Structure formats: structure tokens, C-alpha cells
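> predicted model follows, preceded by the sequence.
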Amino acid sequence: MSDQTQQARLAVRKTYKLFIGGAFPRSESGRSYVVNDAKGRFLANASQASRKDVRDAVGAARKAFKGWSGRTAYNRGQILY
């Protein structure tokens, strides 16, 4: 790409979704908030979870706990990486 093409592109501010039960659903409320770095510059928009979203996340975490806790620390590290 040429320099002119790169300069003509607009910066798209993506809103990151929640991660619940292995999926990326949108927040039930549809709300989001701005995340800035230490110098006050824009980093991202993050979804703001509702109470129902939190209940769903806790339920999914409890469901996955038995299988996750049975894995070795090394294997959990590999999965997260």
C-alpha cells in the first residue's frame, strides 16, 4: 500500500464484547465505556456487563470449574497462551 492509502484510512473504534462460556456475546444492556491508557489516550471501548451478564458468567465458570481444575498448571498455561 502507498503512504496516501494508509493516511486516508479512518480509525475504527471497535467495541470489545464479553467472554462468557466460550462465546463472545454482546452486553445485554448494549452499554459500553471508554478505556484510556495512563496518559489519557483512547485504547478501546469495552462492553459494560449487566447483572444478567454477570450471573451468566458465574454460571458458566462454575460449570467449567471441575474440568479446568483437573488440568495441570502447565496445561492450563498452554490453553491460556
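Done, it's in.

> for S50, what are phi and psi?
Backbone torsions for S50, taken as degrees, to the nearest 10, come to phi -90, psi 180.

> check contacts around it.
The contact partners of S50, taken as Cβ atoms under 8 Å, 6 or more residues apart in numbering, are S27, E28, S29, R31. C-beta here means a position set from N, CA and C on the backbone, and glycine is covered the same way.

> cool, F19 as well?
F19 makes no contacts at all, as judged by Cβ under 8 Å, 6+ apart.

> thinking again about what came up before, filter the contacts of S50 down to the buried ones, PyMOL style.
Applied in PyMOL, the following selects the buried portion of the contacts of S50 according to 16 or more other Cβ atoms under 10 Å:
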select buried, resi 27+28
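
> now the host helix or strand of R76: how far from the chain's centre is it?
Taking DSSP states H and E as the definition, one finds R76 inside helix 73-80. Chain-centre distance of helix 73-80: 19 Å, with Cα atoms, centre = their mean, to the nearest Å.

> what's the distance between D53 and R62?
Going from D53 to R62 by Cβ to Cβ, to the nearest Å gives 15 Å.

> centre of the chain to stretch 14-28, how far?
Counting by Cα atoms, centre = their mean, stretch 14-28 is centred 6 Å from the centre of its parent chain.

> cool, stretch 24-39 as well?
Distance, centroid of stretch 24-39 to centroid of chain: 9 Å (Cα atoms, centre = their mean).

> can you give me the end-to-end distance of it?
29 Å (Cα to Cα, to the nearest Å).

> next one: stretch 39-59
Across stretch 39-59, the terminal residues are separated by 37 Å (Cα to Cα).

> so which bits of it are buried?
Of the residues in stretch 39-59, A46, S47, A49, D53, D56, A57 count as buried by neighbour count, 16+ other Cβ under 10 Å.

> mind jotting down where the strands sit in this structure?
Using DSSP state E, the strands found in the chain span residues 15-16, 32-36, 42-47.

> which stretch in the ones you listed has the least confidence?
By mean pLDDT, the lowest-scoring of these turns out to be strand 15-16, with a mean of 88.

> now do that one: which elements does it pack against?
The contact analysis (3 or more Cβ pairs under 8 Å, 6 or more residues apart in numbering; DSSP states H and E) places strand 15-16 against strand 42-47.
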